[in-house]
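K.L.:
build me a structure from this.
(one chain, ligands or ions: 1)
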Amino acid sequence: MNPVLLITGGSRGIGAATALLAAQRGHAVAVNYRQDAAAAQQTVLAVERSGGQAVAIQADVSSESDVERMFREVAQQLGPLTALVNNAGILEQQTRVEHLDAARLRRIFETNVIGSFLCAREAVRCMSTRRGGQGGAIVNVSSRAAVLGSAGEYVDYAASKGAIDTLTVGLAHEVAGEGIRVNGVRPGLITTEMHASGGEAGRVARLSAGVPLGRGGEPEEVARAILWLLSDEASYTTGAILDVSGGR
Ligand code: NAP
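P.N.:
Now for the predicted structure:
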């Protein structure tokens, strides 16, 4: 069976690197994005240039109807889903908890937590052997922030990633007997555009001296961990959360 992988937030950064590597390893890839169609198209083109198959699918993962439509489109365009990477995630301007308001907390939790839950739900409905599916694998992209807490920067974002870790463990146990493995990765400081949305484009450079390996990570280094967890090489691994953080 042709492996079919949906990557949420696959248009840039870690998601785009994962799309490229997955295509090189034989997956047909659905590249989800929220608003930047040109970036998603670039990723699709890069996959096609390397000989792979990819489609771009617009959907806001925090919208239940968007998520349901996205999973229908994946099945129509690529065939039955075999894997999901819950990668879409946001953070906002660095600040302290005393300055957070409910609107921001809702935005962060709606994309990072509710979005991941909705996509995981749809993936289970597609892949569970209990529902006639063929099984599959899910990788949730968390963050070392879930453990470190992101004091003075974005405790809201860190807490949303704590919820992702709990989703990973709970869902892994729930569907272990249904042919689905669920794992997580916790990236550390990775060179992507995400840090600019927190107001500090140079954040990785500022903090890299505190990383035991002495540098920030590249999106491809996270992608390789994700692809391992998705692969049969990880056949006895479920409910695991792999730190990809240079030791920090
Ligand atoms: P990024 O470069 O900012 O890319 C974010 C991606 O998510 C984009 O494709 C974006 O699409 C998409 N996205 C955002 N909100 C969405 C929504 N509501 N629905 C659908 N797609 C949405 O981020 P990144 O650094 O690669 O991070 C990817 C994941 O790794 C995130 O979950 C992040 O929390 C996690 N992570 C990153 C780091 C790091 O240092 N970079 C560290 C730890 C964990 P549009 O551009 O179209 O909005």
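K.L.:
test my guess that Val61 contacts Phe117.
P.N.:
No. Val61 is not in contact with Phe117 according to Cβ atoms under 8 Å; the separation is 9.6 Å. Placement of C-beta: from N, CA and C, glycine included.
K.L.:
quick one: which of these two has more around it?
P.N.:
The residue with more neighbours, out of Val61 and Phe117, is Val61; 25 against 16, by other Cβ atoms under 10 Å.
K.L.:
what's near enough to touch the more buried one?
P.N.:
8-9, 32, 34, 67, 88, 111, 115-116, 118-119 (Cβ atoms under 8 Å, 6 or more residues apart in numbering).
K.L.:
got the residues of this structure near the ligand?
P.N.:
8-9, 11-15, 32-36, 39, 60-62, 87-90, 111, 115, 141, 143, 187, 189-190, 192-194 (Cβ under 6 Å from any ligand atom).
K.L.:
and those residues, which are buried?
P.N.:
Buried members of the residues of the chain next to the ligand, counted by 16 or more other Cβ atoms under 10 Å: 8-9, 11-15, 32-34, 39, 60-62, 87-90, 111, 115, 141, 143, 187, 189-190, 192, 194.
K.L.:
so for Val29, what's the nearest residue that isn't a sequence neighbour?
P.N.:
The spatially closest residue to Val29, leaving aside those adjacent along the chain, is Ala54, at 4.4 Å (Cβ to Cβ, 6 or more residues apart in numbering).
K.L.:
an error on my part: the question was meant for Val74.
P.N.:
Ala30 (4.6 Å).
K.L.:
against Ser65, how distant is the one you found?
P.N.:
Taking Cβ to Cβ, to the nearest Å as the measure, Ala30 falls 17 Å from Ser65.
K.L.:
mind checking how far the longest helix out of those in the chain is from the chain centre?
P.N.:
Ordering each helix of the chain by length in residues (DSSP state H) puts helix 155-175 first. How far helix 155-175 lies from its chain's middle: 12 Å, per Cα atoms, centre = their mean, to the nearest Å.
K.L.:
narrow the contacts of Val61 to those in helices?
P.N.:
67, 115-116, 118-119.
K.L.:
which among those gets closest to the ligand?
P.N.:
Gly115 (5.7 Å; Cβ to the nearest ligand atom).
K.L.:
go ahead and flag the most central residue of this protein.
P.N.:
Asn87 (1.4 Å; Cα atoms, centre = their mean).
K.L.:
residues in contact with it?
P.N.:
Taking Cβ under 8 Å, 6+ apart as the test, what Asn87 contacts is 7-10, 14-15, 18, 141.
K.L.:
Arg34 now?
P.N.:
Taking Cβ under 8 Å, 6+ apart as the test, what Arg34 contacts is 9, 58-61, 88.
K.L.:
which of those residues fall within strands?
P.N.:
Gln58 (DSSP state E).
K.L.:
nearest to the ligand among the contacts of Arg34?
P.N.:
Taking these together and measuring to the ligand by Cβ to the nearest ligand atom, the closest member is Gly9, at 2.5 Å.
K.L.:
how near is the nearest residue to the closest one once chain neighbours are set aside to Val31?
P.N.:
Once flanking residues are discounted, Gly9 sits nearest to Ala88: 3.2 Å by Cβ to Cβ, 6+ apart. As for Ala88, its distance to Val31 is 11 Å (criterion: Cβ to Cβ).
K.L.:
the longest strand belonging to the chain: how far from the chain's middle?
P.N.:
Across the chain, the strand with the greatest residue count (assigned by DSSP E) is strand 180-187. How far strand 180-187 lies from its chain's middle: 9 Å, per Cα atoms, centre = their mean.
K.L.:
partner strands of that strand and their direction?
P.N.:
strand 136-141 (parallel), strand 241-244 (parallel) (DSSP bridges).
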